[in-house]
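Q: any chance you could fold what I've pasted below:
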Amino acid sequence: MQTVKMVITGPFSSGKTEFIQSVSEIDVVATERKITSEAERIKDSTTVAMDFGRITVDDELVLYLFGTPGQKHFDFMWEILSEGMLGFIVMVDSARPETFREARRILETFRAYAPTPYVVTANKQDLPDAWEVEDMRIALRPSPEIKLLPCVATDKESVKTALLELLYNILEKMESGEF
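A: Model (predicted):
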């Protein structure tokens, strides 16, 4: 049995927990805590350590999904969660351009932890004020070969598309001997 560790990261409230919950075959292990600060009252709770989910692809392959906390004061968990990862997804809330700079910083941080494959998702594409994926590419400036995928974290098919894209990138690196 082959296991693949993937990390789902991104700024606060970008949809990481919902992403994992929409596809996990087990109840997601979540470390959610109630938010008490009015400054962060975008939602009622936040991840403080990690989220964990699992997907069995087939008899030979299982994906372990680890979601990171998005708030800066929990970023000490990022390096811990990145250990042993074979790839990562950076989730960006496409309706909140004020988070794009933070998403870019998170992407660079994870690239420094490990030179593994990654994809970027433009989450919340179902919202009326969501930026177009092409405009987000200009704002985020990922390398041209990096996939920037439209996503809705609550839509299982959308999440599966992002995970499969990352998995194909990981398998390609494994087959070429880069891992």
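
Q: ok, the spatially closest residue to residue 160 that is not a sequence neighbour - how many residues close by?
A: Excluding the flanking residues, the one nearest residue 160 by C-beta to C-beta, 6 or more residues apart in numbering is residue 23, at 6.3 Å. C-betas here are computed from N, CA, C, even on glycine. Residues within reach of residue 23, counting by other C-beta atoms under 10 Å, total 21.

Q: now do residue 23 against residue 147, distance only.
A: When distance is defined by C-beta to C-beta, to the nearest Å, residue 23 is 18 Å away from residue 147.

Q: so for the host helix or strand of residue 90, mean pLDDT?
A: Residue 90 belongs to strand 87-93 when assigned by DSSP states H and E. Averaged over strand 87-93, pLDDT sits at 97.

Q: what lines up beside it in the sheet?
A: When pairing is defined by DSSP bridges, strand 87-93 lines up against strand 2-9 (parallel), strand 118-123 (parallel).

Q: would you turn the ones you listed into JSON lines with mean pLDDT and distance to residue 130?
A: Listed next are the strands paired with strand 87-93 as JSON lines, based on pLDDT from 0 to 100; distance: least, C-beta to C-beta, whole Å:
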{"stretch": "strand 2-9", "mean pLDDT": "95", "distance to residue 130": "19"}
{"stretch": "strand 118-123", "mean pLDDT": "98", "distance to residue 130": "7"}
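
Q: in TSV: these, plus mean neighbour count and distance to residue 163.
A: TSV is the format used below for the strands paired with strand 87-93 (neighbours: other C-beta atoms under 10 Å; distance: least, C-beta to C-beta, whole Å):
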stretch	mean neighbour count	distance to residue 163
strand 2-9	21	7
strand 118-123	27	9
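
Q: nearest to residue 72, out of those?
A: strand 2-9 (12.7 Å; C-beta to C-beta).

Q: who touches the closest one?
A: Contact partners of strand 2-9, identified using C-beta atoms under 8 Å, 6 or more residues apart in numbering, comprise 16, 19-20, 51, 60-68, 70, 78, 81-82, 84-91, 106, 110, 163, 166-167, 170.

Q: next secondary structure after it?
A: Downstream of strand 2-9, the next assigned helix or strand under DSSP H and E is helix 16-23.

Q: which elements pack onto that following helix?
A: Applying 3 or more C-beta pairs under 8 Å, 6 or more residues apart in numbering; DSSP states H and E, one finds that helix 16-23 contacts strand 2-9, strand 45-58, strand 61-67, strand 87-93, helix 156-175.
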